[in-house]
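In: let me see the structure of the following:
(one chain, ligands or ions: 2)
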Amino acid sequence: MTQADPKKFHIKSFGCQMNVYDGERMSELLVDQGMSAAGNSEEADLVVLNTCHIREKAVDKVYSDIGRLKRKDGTRPMIAVAGCVAQAEGAEISRRAPSVDIVVGPQAYHRLLHLLDLAKSGKKALDTDMPVVSKFDVLPTRGKQARPNAFLTIQEGCDKFCTYCVVPYTRGAEISRPWIDLVEEARALVDGGAREITLLGQNVNAWSGEDDKGRKIGLDGLIRALDRLSGLERIRYMTSHPNDMTDALISAHGDIPTLMPFLHLPVQSGSDRILKAMNRSHDSSSYLAILEKMRQVRPDIALSGDFIVGFPGETDEDFEQTLQIVRAAKYSQAFSFKYSPRPGTPAATMDDQVAPEVMDERLQRLQALLNEQQYAFNQDTVGRVTDVLLERDGKLEGQLIGKTPWLQSVHLISPDLRIGDMVDIEITQAGPNSLTGQITERLAA
Ligand code: 5AD
Ligand code: SF4
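Out: Residues are numbered from 1 along each chain as shown. Ligands and ions are numbered 1, 2, ... in the order given. Take a look at the predicted model:
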């Protein structure tokens, strides 16, 4: 069967911010071909599900979403499955869900148009290669329209092989994009309206490269180069690995004003025994030592983390140590998950898998403590005068949502504010998840 040319597309990204970035790049590719973005999947004749494979639940969601794309009249849009589920499951996806037309992995989506042509003529359209030619070399240059808070992938893949994690298999080996490409892409984003850029990578602080003078530099050097771009007011990066947290990067937080006081540094567990079984190659005290150094140069740093409860073999005592490290580290926000065995990873076949009800109970206790810390952090910021970058519309009429330097959400209502504005506010109230504030000054657009 051949299919008509799709004219309107909708991309739905799941999982991490790198998927959001990939989704934007695919969108630019399709717009470049004369297609336009539909507001939702009902209005689209091509739907791209940009998937996440990190936990089992995320995978199940993809299959239920595919089923739901069928319209009331029995027809359906063209369906492409992209992202890490596509990479991991490959042809299995079309077997389980025959309505899928295209399967494209995260390192091959620059070939989406070719796959679209194949699918249109009724041919098998599957590409999960990890090609030698980087997708970044062939994707169109960034579009003119950028979000005020833009993402920029600088590093991809992972060589760390934590025993629970699929990323080294789905995103491949660590690669760093060249310095010059990143400076140019950042420049294009700023010219297109970005005021903040978050540098992305699975191990973003493992980025390394050479600057224009051929000097070897790390992430701190790249941040210093981006700091010199006029019009770029905020720089962030995520996700970092404790082992790549160099002194140079830590001290960059002390002297680069555009580098925001926020650090996402997952520890996963507070038990050294479990960290070893996870192959994390750091322990709880080396993690806390990094935080101490960071807080010396940037006392107001907001700390974020990731945690896994119920890793195989985790005892009550191990879990208590996780609570202890949370108390010692003090988080402003965090993500915590029940361990999910992933096919092909070493932990999936380890002895002593933890019972689901034990995981549930541990997750609840951990989240209660993390929520308490988040609320306390937010309350500590009441009374501060700070800048807020307005990023998107809120739910209420005339409401806008922005972020403080510490990545807290702020809700503001003011008729003459626009997305992309930077305003100074005094933080007047803090809830567990967001702040309210009074505008003191509107900063130049
Ligand atoms: N089970 C549960 N959580 C996981 N993560 C990664 N793999 C798994 C898994 N198998 C979590 C880690 C990581 C975050 C992105 O997802 O905490 O930092
Ligand atoms: Fe996964 Fe560990 Fe690599 Fe992070 S460092 S992507 S958790 S293997």
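In: so for stretch 291-303, what gets flagged as buried?
Out: Buried residues in stretch 291-303, defined by neighbour count with 16 or more other CB atoms under 10 Å: 291, 294-295, 298, 301-303. Backbone N, C-alpha and C define where each C-beta goes, glycine included.
In: let's see which of those end up in strands.
Out: 302-303 (DSSP state E).
In: tell me the one among the buried residues of stretch 291-303 nearest to ligand 1.
Out: Among the buried residues of stretch 291-303, residue 303 lies closest to ligand 1 (CB to the nearest ligand atom), at 14.3 Å.
In: list the contacts for the nearest residue to residue 335 once chain neighbours are set aside?
Out: Take residue 335 and drop its neighbours on the chain: the residue closest to it by CB to CB, 6 or more residues apart in numbering is residue 306, 4.9 Å away. Residues counted as contacts of residue 306 (CB atoms under 8 Å, 6 or more residues apart in numbering) are 239, 264, 266-268, 334-337.
In: and residue 306, what's its pLDDT?
Out: Predicted confidence (pLDDT) for residue 306: 97.
In: mind checking the SS state of the residue in the stretch 301-445 of the chain positioned nearest to ligand 2?
Out: Going by CB to the nearest ligand atom, ligand 2 is nearest to residue 306 of the stretch 301-445 of the chain, at 7.8 Å. Residue 306 falls in the strand class when you classify it by DSSP: H, G, I helix; E, B strand; the rest coil.
In: just give me the neighbour total for the residue lying closest to residue 256 once chain neighbours are set aside.
Out: Counting by CB to CB, 6+ apart, the nearest residue to residue 256 once its immediate chain neighbours are dropped is residue 227, at 5.2 Å. The criterion is other CB atoms under 10 Å. On that basis, residue 227 has 15 neighbouring residues.
In: residues in contact with residue 209?
Out: If you count contacts by CB under 8 Å, 6+ apart, residue 209 has them with 176-179, 182, 216-217, 221-222.
In: among those, which one lies nearest to ligand 2?
Out: The nearest member of these to ligand 2, counting by CB to the nearest ligand atom, is residue 176 at 14.8 Å.
In: mind giving me the domain split of this protein?
Out: Annotated domains of the chain cover 8-127, 143-260, 262-380, 385-442 [automatic domain parsing].
In: checking the closest residue to residue 307 other than its chain neighbours next. Helix, strand or coil?
Out: Computed as CB to CB, 6+ apart, the closest residue to residue 307 that is not its neighbour in sequence is residue 336, at 4.1 Å. The three-state label given to residue 336 by three-state DSSP is strand.
In: give me the contacts around the longest helix seen in the chain.
Out: In the chain, assigned by DSSP state H, the helix with the most residues is helix 356-380. The contact list for helix 356-380, computed with CB under 8 Å, 6+ apart, reads 302, 307, 309-310, 314, 319, 322-323, 326-327, 330-334, 336-339, 406, 408, 430-435.
In: which bits of the stretch 101-250 of the chain sit near ligand 2?
Out: Contacts of the stretch 101-250 of the chain with ligand 2, taken as CB under 6 Å from any ligand atom, map to 158, 160-162, 165, 167-168, 202-203, 241.
In: of the residues you listed, grab the buried ones for ChimeraX.
Out: Here is the ChimeraX command that picks out the buried ones among those, judged by 16+ other CB under 10 Å:
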select :158,160,162,165,167,168,202,203,241
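In: as JSON lines, the residues of the stretch 101-250 of the chain next to ligand 2 with distance to residue 117 and pLDDT would be great.
Out: Shown next, in JSON lines, are these (distance: CB to CB, whole Å; pLDDT from 0 to 100):
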{"residue": "158", "distance to residue 117": "32", "pLDDT": "94"}
{"residue": "160", "distance to residue 117": "38", "pLDDT": "95"}
{"residue": "161", "distance to residue 117": "37", "pLDDT": "96"}
{"residue": "162", "distance to residue 117": "39", "pLDDT": "97"}
{"residue": "165", "distance to residue 117": "35", "pLDDT": "96"}
{"residue": "167", "distance to residue 117": "31", "pLDDT": "92"}
{"residue": "168", "distance to residue 117": "32", "pLDDT": "92"}
{"residue": "202", "distance to residue 117": "31", "pLDDT": "93"}
{"residue": "203", "distance to residue 117": "35", "pLDDT": "95"}
{"residue": "241", "distance to residue 117": "40", "pLDDT": "97"}
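In: tell me the one among the residues of the stretch 101-250 of the chain next to ligand 2 nearest to residue 397.
Out: Closest to residue 397 out of those is residue 202 (39.5 Å), distances taken as CB to CB.
In: helix/strand/coil for the closest one?
Out: Three-state call for residue 202 (three-state DSSP): coil.
In: mind listing what the closest residue to residue 252 other than its chain neighbours touches?
Out: Spatial nearest neighbour of residue 252, excluding adjacent residues (CB to CB, 6+ apart): residue 220 at 4.2 Å. Going by CB under 8 Å, 6+ apart, residue 220 touches 246, 248-249, 251-252.
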